[in-house]
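Engineer: fold the stuff below for me.
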Amino acid sequence: MDLVTALARARSPEEPGPDTPAGPPVRRWPDPPRPVPPARPGELDLDRLLRLSLTAGDGAGRLRPAASAGALHPVDAGLVVGTGCPLPPGRYGYDPLRHRVHHLGPAPAGTPPGVSAELSVTPRRTISHYGHRAWPLLLLDTGHTAGALWLAARALGATPALHLDGRTPSAGDPEPIGHGAHRPAADPVATGADAEPLATVHVPPPRHTAGPHDVPARRSAPTPLHGTPPPEDLHALLTTVAEAGAGELAWCAAVGGPRPGLVEAAPDGTLRRIASGDARPTLAVWAARQAWIARAGAVLLGHGCPMDAGAARIRRVHLRAGHAVQLAHVTAARRKLAARPVGSWQRADLGAALGGPPGRDLVVHALALGTAHPEERTS
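Structural biologist: Numbers count the residues shown, from 1 in each chain. Have a look, this model is predicted:
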């Protein structure tokens with residue numbers, strides 16, 4: 001099954017089947033594991049970079065800096081290390097549960113200083129719960145992880161470079177080839193296949209000494225999310241996702257309160273109303289019938305990616321949407337808002353609901369928001 005067909009099926013009302021085994025929570029890299037050494041003066045602090053972006057905060061591996069659908073974390077990271085790092089140049093696999101690296105081979109000729117995190121996926125983890133709805137979630141999760149790496153690099157004083165136009169996993173049989181093995185389309189490092197990762201984030205050694213590490217802890221708030229965020233907060237979040245999304249999607253927010261409707265960010269720092277009426281009950285139906293969304297304070301929406309989009313555009317849009325919502329999630333944390341990403345959408349044709357032609361303007365990703373702060377849980 002190709003990605004175009006897989007996305008069409010994920011957007012359909014078809015229900016996923018029963019859960020299946022998720023397999024190991026992290027890729028089984030070859031032994032022996034190595035600790036990440038402390039950085040010397042002038043080097044990239046690789047230990048801190050990984051702890052701020054990829055390292056699990058619990059033994060089960062569910063609690064990590066990047067959001068993931070169902071806290072299943074299908075994204076795996078291979079590291080291509082150049083000069084200016086505490087590790088010798090080479091290729092490494094990263095274990096986020098143990099915060100260890102595994103040497104895989106020499107670095108390619110011409111590897112630049114710093115580290116390139118190459119992000120691929122193990123589809124089985126997400127498919128185990130979401131079934132055929134997993135394929136867009138795999139891309140969104142990869143974008144979230146790229147966003148976490150980007151934020152961590154900036155906190156260290158480095159200027160990261162994002163590459164979010166890599167190949168896409170095959171939407172074929174999700175079962176592994178063998179115990180601990182992975183499908184070649186989703187595992188180029190382990191299989192030795194010469195294939196591009198889904199996304200790459202290059203982090204060079206910083207050119208200046210960074211100040212305090214400013215990456216607030218990102219946690220998906222438990223439901224329900226009550227309280228409409230102030231207009232200035234919504235404007236800041238809408239501006240964040242628009243800039244991070246690089247024009248791949250349009251962004252608006254569904255708000256409740258005494259004047260419910262859809263709003264977008266205006267250039268003068270205010271919110272411009274684009275539709276009246278409460279869209280949240282409809283969004284709750286579109287988002288796999290998650291009833292709590294109908295009562296959320298606001299729902300940030302990234303929409304676009306028409307039904308006839310090709311695989312390259314689907315891949316690019318979803319990766320950028322995940323990256324944008326990751327940055328918005330951290331921005332929400334800075335502003336003391338409760339937030340929760342929403343990535344699974346069925347028949348979510350926002351354009352048609354607003355009177356436009358059908359199949360042209362569908363919801364791709366969202367961030368539900370509230371001002372209340374119930375006790376956090378991991379995801």
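Engineer: now the host helix or strand of Arg91: how far from the chain's centre is it?
Structural biologist: Following DSSP states H and E, one finds Arg91 within strand 90-95. Strand 90-95 sits 21 Å away from the centroid of its parent chain (Cα atoms, centre = their mean, to the nearest Å).
Engineer: what's that strand packed up against?
Structural biologist: strand 75-81, strand 100-105 (3 or more Cβ pairs under 8 Å, 6 or more residues apart in numbering; DSSP states H and E). Using the backbone N, CA and C atoms, a C-beta is placed for each residue, glycine as well.
Engineer: what angle sits between the strand or helix carrying Thr126 and strand 75-81?
Structural biologist: For Thr126, the host element (DSSP H and E) is helix 123-130. If you take axes from the mean of the first three to the mean of the last three Cα atoms, to 10 degrees, helix 123-130 sits at 160 degrees to strand 75-81.
Engineer: output helix 123-130 as CSV, restricted to C-alpha atoms.
Structural biologist: The C-alpha trace of helix 123-130 is given here as CSV (Å, rounded to 0.1, in the frame of the first residue of the first chain):
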residue,chain,number,x,y,z
PRO,A,123,5.9,1.4,12.4
ARG,A,124,5.0,-1.6,14.5
ARG,A,125,4.9,0.4,17.7
THR,A,126,2.2,2.8,16.5
ILE,A,127,0.4,0.3,14.4
SER,A,128,0.0,-1.9,17.5
HIS,A,129,-2.7,0.5,18.8
TYR,A,130,-3.8,2.6,15.9
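Engineer: now find how far off-centre the next helix or strand after it is within its chain.
Structural biologist: Once the chain leaves helix 123-130, the next helix or strand it forms, by DSSP H and E, is helix 134-155. Here the centre of helix 134-155 is set off from its chain's centre by 4 Å, with Cα atoms, centre = their mean.
Engineer: got the CA coordinates for helix 134-155 in CSV?
Structural biologist: These are the backbone C-alpha positions of helix 134-155, laid out as CSV (Å, rounded to 0.1, in the frame of the first residue of the first chain):
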residue,chain,number,x,y,z
ALA,A,134,-0.9,4.9,12.2
TRP,A,135,0.7,6.2,9.0
PRO,A,136,0.1,9.9,9.3
LEU,A,137,0.9,9.6,13.1
LEU,A,138,4.3,8.2,12.2
LEU,A,139,5.1,11.3,10.2
LEU,A,140,3.7,13.7,12.8
ASP,A,141,5.7,11.9,15.6
THR,A,142,8.9,12.3,13.5
GLY,A,143,8.2,16.0,13.1
HIS,A,144,7.7,16.3,16.9
THR,A,145,11.0,14.7,17.5
ALA,A,146,12.7,17.0,15.0
GLY,A,147,11.2,19.9,16.8
ALA,A,148,12.5,18.7,20.1
LEU,A,149,16.0,18.4,18.7
TRP,A,150,15.7,21.9,17.2
LEU,A,151,14.7,23.4,20.5
ALA,A,152,17.4,21.6,22.4
ALA,A,153,20.1,22.8,19.9
ARG,A,154,18.9,26.4,20.2
ALA,A,155,19.0,26.1,24.0
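Engineer: give the helix, strand or coil label for Ala294.
Structural biologist: helix (DSSP: H, G, I helix; E, B strand; the rest coil).
Engineer: skipping its backbone neighbours, what lies nearest Leu164 in space?
Structural biologist: Leu319 (4.1 Å; Cβ to Cβ, 6 or more residues apart in numbering).
Engineer: now do the end-to-end distance for stretch 198-215.
Structural biologist: 24 Å (Cα to Cα, to the nearest Å).
Engineer: that older thread, backbone phi and psi for the residue nearest to Leu164, please?
Structural biologist: Here is the backbone geometry of Leu319 (degrees, to the nearest 10): phi -60, psi -40.
Engineer: what's near enough to touch it?
Structural biologist: By Cβ atoms under 8 Å, 6 or more residues apart in numbering, the contact list for Leu319 reads Leu139, Leu140, Thr142, Gly143, Ala146, Leu164, Asp165, Leu198, Ala199.
Engineer: name the nearest residue to the second one, ignoring sequence neighbours.
Structural biologist: Okay, so that is Leu140. Nearest to Leu140 is Gly322, by Cβ to Cβ, 6+ apart, at 3.9 Å.
Engineer: and the fifth one, by the same measure?
Structural biologist: Closest residue to Ala146 apart from its sequence neighbours, by Cβ to Cβ, 6+ apart: Ala199 at 4.7 Å.
Engineer: Provide the strand pairings for the helix or strand containing Ala253, with the direction of each partner.
Structural biologist: Here Ala253 sits within strand 250-255, counting by DSSP H and E. Strand pairing for strand 250-255, using DSSP bridges, gives strand 261-265 (antiparallel), strand 298-304 (antiparallel).
Engineer: how far off centre is the longest one?
Structural biologist: In this view, strand 298-304 has its centroid 15 Å away from the chain centroid, taken as Cα atoms, centre = their mean.
Engineer: do the same with the first one
Structural biologist: Distance, stretch centre to chain centre, for strand 261-265: 24 Å (Cα atoms, centre = their mean).
Engineer: helices along the stretch 201-350 of the chain, start to end?
Structural biologist: Taking DSSP state H, counting those that start in this stretch as the criterion, the stretch 201-350 of the chain carries its helices at 231-244, 280-286, 311-334, 350-353.
Engineer: so which of the ones you listed is nearest Pro18?
Structural biologist: With Cβ to Cβ as the criterion, Pro18 lies closest to helix 280-286 of the helices of the stretch 201-350 of the chain, at 22.9 Å.
Engineer: show me which positions of the closest one end up buried.
Structural biologist: Neighbour counts over helix 280-286 (16 or more other Cβ atoms under 10 Å) mark Arg280, Thr282, Leu283, Ala284, Trp286 as buried.
Engineer: any idea how far Asp233 is from the first one?
Structural biologist: Spelled out, it's Arg280. Note on Arg280: its distance to Asp233, by Cβ to Cβ, to the nearest Å, is 18 Å.
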